[in-house]
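Undergrad: the sequence and its predicted three-dimensional model are supplied below.
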Amino acid sequence: MESEAQKHDQLRWLFLLQGVLATVVGIGLLFVPAQTLLVFVLILGGYWFVRGIATLLYLAVDRVRWGWKLFVGLLGLIAGALAMTAPLTVGTALFMFIVFVIGFQALFSGATEVYFGFRMRRLSIVLLGILSIVLGGALVLHPFIALAVLAMVVGGFALVGGVITIASALRPVRTSQPAAAG
């Protein structure tokens, strides 16, 4: 029976690969965000396109919920083709959508915090709510600046996470078995 250490040792290459990819993406997002976004969207578009084809092919084998499978398969083909033919437009739209979602969420949660902060007579909650509203307003009113900041934040997290994952993968595994005396 394999020990946990042996299982970890066999999968070490997978963690190392994950760490290297995260580090590369992090460096890319920090130093060449537009090109990294382009590559990301091209890969995502290829995935959507292949997934659309696979879904349509699967429809020939299994006709259960065929309408849904047809819709999802065609949507994958269209989204994939669009992403591969206009990757900067699709990438910008995807990230802008994320920026707007975060911005509106900050506005609404900030308004809620201000309301409840006043009701509970807690100045700290009111101030946090105001800060959230300012952040949300900045994201919604200046989405392209927020887009650049978002790329840098995600890049920073990816870089740090990747380096930590690489270090973890390269760290020797400790076993709970005592060493044999020699």
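TA: That came through, no problem. Because the structure is predicted, anything quoted here is derived from the model rather than measured. Numbering: from 1, shown residues only.
Undergrad: strands of this structure, start to end?
TA: Remark: no strands are assigned in the chain by DSSP state E.
Undergrad: the longest helix in it is where?
TA: The single longest helix within the chain, with elements called by DSSP state H, is helix 87-119.
Undergrad: which other helices and strands does that helix contact?
TA: With contacts defined as 3 or more C-beta pairs under 8 Å, 6 or more residues apart in numbering; DSSP states H and E, helix 87-119 has these neighbours: helix 33-61, helix 66-85, helix 123-141, helix 143-170. Backbone N, C-alpha and C define where each C-beta goes, glycine included.
Undergrad: let's have these in JSON lines, adding distance to Val101.
TA: Shown next, in JSON lines, are those (distance: least, C-beta to C-beta, whole Å):
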{"stretch": "helix 33-61", "distance to Val101": "18"}
{"stretch": "helix 66-85", "distance to Val101": "19"}
{"stretch": "helix 123-141", "distance to Val101": "9"}
{"stretch": "helix 143-170", "distance to Val101": "11"}
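Undergrad: got these as a markdown table, with mean pLDDT, distance to Leu107 and mean neighbour count columns?
TA: Listed next are these as a markdown table, based on pLDDT from 0 to 100; distance: least, C-beta to C-beta, whole Å; neighbours: other C-beta atoms under 10 Å:
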| stretch | mean pLDDT | distance to Leu107 | mean neighbour count |
| --- | --- | --- | --- |
| helix 33-61 | 92 | 25 | 16 |
| helix 66-85 | 95 | 29 | 15 |
| helix 123-141 | 93 | 4 | 16 |
| helix 143-170 | 88 | 13 | 16 |
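Undergrad: one step back: buried ones in the longest helix of the chain?
TA: Judged by neighbour count (16 or more other C-beta atoms under 10 Å), helix 87-119 contains these buried residues: 87, 90-92, 95, 98-99, 102-103, 106-107, 110, 113-114, 117.
Undergrad: pLDDT on that helix, on average?
TA: Average pLDDT, helix 87-119: 93.
Undergrad: residues touching Gln105, list them.
TA: Gln105 makes contact with Gly136, according to C-beta atoms under 8 Å, 6 or more residues apart in numbering.
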